[in-house]
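Undergrad: Build the 3D model from these lines:
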Amino acid sequence: MSRLWAALAATALGFGWQWLTVARNYGGNFTALFCTGSQHPTPSSLAGEHIYVFPNSGGYDGQSYHYVAHDPLGRTDIGRAVPDPEFRYPRILLPALAYLAALGRQQWIDPAYFACNLWFLFLGAWWLAPLLERVGLNPRLAMLYAVAPVTIVALDRLVIDLALVSLCLGFAVYVESGPRWKLYAVLLAAALCRDSGFLLTAACVLPCLRKRRFREAALLATAVLPAVAWMVYVRTQIHGGPHLGIASFIPVWSMLRSVMDLPPYRFPPLITAAVRAFDALELAGIFLAMAVAFRGVREFGREAIGTACFLWACFATAIPQGAFNDCYAEARLLSPLLFFLPLWKGRAVWFVPMLLAAPRVWLELAPQVLGLFAR
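TA: Purely as a prediction, here's the structure:
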């Protein structure tokens with residue numbers, strides 16, 4: 001009962017915040033949460049939606065997933081409006097679920113997208129509750145999943161990362177107990193959610209190989225086949241968008257640039273210093289989590305959650321340049337590591353890296369919070 005209560009409470013908090021900020025800051029227009037920027041023209045087919053457009057802005061990732069949900073096969077002007085389709089279309093899970101939930105009806109797709117995003121918030125809290133018990137915490141604390149960094153970003157920008165992190169929590173539940181078909185379903189969904197979801201399958205397969213359970217490893221590996229098939233479709237049927245150069249993936253380069261090139265802020269000096277202090281705190285939390293994961297390299301391949309920690313730490317070193325200067329990007333991309341770390345170590349104290357990273361993400365909501373009281 002406490003598990004259900006926590007999941008419902010988290011979902012209610014998430015929706016409550018979205019409704020409040022949309023009503024007070026965006027004139028009741030829920031499409032503002034997709035963060036569509038004026039630098040990319042909106043498709044004429046969606047003119048009837050009255051999409052909220054942020055002036056002088058390139059927008060954020062949610063605008064692309066919004067269009068993908070309306071045109072999941074990339075066959076209309078909506079799909080052609082996605083500025084980087086070869087990156088966005090492979091991450092089909094959440095947009096496709098929204099399209100299916102809406103039965104393909106264009107006028108229902110946006111509400112379906114909001115609902116599916118909240119559904120993953122519910123699932124994440126549902127799965128988090130028993131995981132908290134493993135580290136000695138009250139399962140009711142799973143309601144705080146609503147204020148986790150990745151949740152804040154997903155509620156504010158409608159990106160697909162909340163879906164992936166919730167699936168990661170499901171992975172942590174089913175990899176140690178429960179029917180294997182549920183684990184397989186989570187692996188399949190994670191690979192369709194985004195490219196880093198493939199790491200979950202690797203985290204399952206590598207321990208099986210080390211223990212010479214080759215048949216099980218081969219079976220689990222097939223969970224990525226639907227995602228691979230979909231990527232082939234995207235590469236052959238949907239073209240366009242910028243390509244990242246090889247320099248963008250040089251290990252550790254992005255992290256070094258984040259320290260050397262501080263993000264510019266147009267605030268008074270004292271406020272700028274305070275924001276940069278929170279930036280440093282977020283980086284400290286992420287670097288601490290990575291250091292702990294790398295320190296456990298000798299245990300790599302012994303069990304799934306520890307292997308996932310190491311793989312995500314490796315992934316962090318190759319994040320494209322600029323991600324570490326975006327407080328939202330680093331928090332959402334590396335949230336699986338921040339959640340896996342205390343589960344791997346079996347101690348609640350290892351939630352500290354997440355607690356260090358969270359304040360900078362919360363701070364990003366300050367203008368919206370002030371907007372609630374502006375009238």
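Undergrad: List the buried residues in stretch 361-375.
TA: Buried residues in stretch 361-375, defined by neighbour count with 16 or more other CB atoms under 10 Å: 361, 363-364, 368. (Each C-beta comes from the backbone N, C-alpha and C, glycine too.)
Undergrad: nope, stretch 214-232 is what I was after
TA: Buried-residue list, stretch 214-232, by 16+ other CB under 10 Å: 216-217, 220-221, 223-224, 227, 230-231.
Undergrad: between those, which is closest to residue 263?
TA: Ranked by distance to residue 263 (CB to CB), these are led by residue 231 at 32.3 Å.
Undergrad: before we move on, back to that, of the buried residues of stretch 361-375, which is the nearest to residue 157?
TA: residue 364 (9.9 Å).
Undergrad: shouldn't the closest one be in contact with residue 329?
TA: No. Residue 364 is beyond contact range of residue 329, at 11.4 Å (criterion: CB atoms under 8 Å).
Undergrad: which stretches of the stretch 201-350 of the chain aren't confidently modelled?
TA: 241-251, 253-254, 258-259, 321 (pLDDT under 70).
Undergrad: Mind jotting down where the helices sit in it?
TA: 214-221, 225-237, 253-260, 269-295, 304-317, 327-333, 335-345 (DSSP state H, counting those that start in this stretch).
Undergrad: sorry, back to before: now render the buried residues of stretch 214-232 as CSV, adding distance to residue 179.
TA: Compiled in CSV, these are given as follows (distance: CB to CB, whole Å):
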residue, distance to residue 179
216, 14
217, 18
220, 14
221, 19
223, 14
224, 20
227, 22
230, 25
231, 28
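Undergrad: Go through those and say which is closest to residue 151.
TA: Of all those, residue 151 sits closest to residue 227, with 23.9 Å by CB to CB.
Undergrad: Which residue, other than its chain neighbours, is closest to that closest one?
TA: Once flanking residues are discounted, residue 227 sits nearest to residue 191: 3.6 Å by CB to CB, 6 or more residues apart in numbering.
Undergrad: Can you verify my assumption that the one you found contacts residue 223?
TA: Yes. Using CB under 8 Å, residue 191 makes contact with residue 223 at a distance of 6.5 Å.
Undergrad: can you count the residues close to residue 291?
TA: 11 (other CB atoms under 10 Å).
Undergrad: any idea which residue sits dead centre in this structure?
TA: Closest to where the C-alpha atoms of the chain average out (CA atoms, centre = their mean) is residue 161, at 1.5 Å.
Undergrad: show me what contacts the closest residue to that residue other than its chain neighbours?
TA: In this structure, residue 161 finds its nearest non-sequential neighbour in residue 332, 3.9 Å apart by CB to CB, 6+ apart. With contacts defined as CB atoms under 8 Å, 6 or more residues apart in numbering, residue 332 is in contact with 149-150, 153-154, 159, 161-162, 165.
Undergrad: what about 7 Å?
TA: Neighbour list for residue 332: 149-150, 153, 159, 161 [criterion: CB atoms under 7 Å, 6 or more residues apart in numbering].
Undergrad: what's the answer for residue 3, then?
TA: Neighbours of residue 3 in contact, by CB under 7 Å, 6+ apart: 126, 129-130, 139.
Undergrad: Residue 358 and residue 149 touch, don't they?
TA: Yes. With contact defined as CB atoms under 7 Å, residue 358 reaches residue 149; the gap is 5.2 Å.
Undergrad: These two: which has the busier surroundings?
TA: Using other CB under 10 Å, the more surrounded residue of residue 358 and residue 149 is residue 149, with 28 against 23.
Undergrad: tell me the contacts of that one?
TA: 331-332, 335, 354, 357-358, 361.
Undergrad: any idea of the pLDDT on it?
TA: In this model, residue 149 is scored at 97, pLDDT.
Undergrad: Also the one 4 residues further on?
TA: At residue 153 the predicted local distance difference test score is 97.
Undergrad: go on, the one 10 residues further on?
TA: The model reports residue 163 with a pLDDT of 98.
Undergrad: again with residue 112
TA: 98.
Undergrad: where do the contact lists of residue 191 and residue 223 overlap?
TA: residue 201.
Undergrad: one step back: just so I know, which of the helices of the stretch 201-350 of the chain lies nearest residue 177?
TA: Comparing the helices of the stretch 201-350 of the chain by CB to CB, helix 304-317 comes nearest, at 12.1 Å.
Undergrad: And residue 354, how far from residue 284?
TA: Counting by CB to CB, to the nearest Å, the gap from residue 354 to residue 284 is 12 Å.
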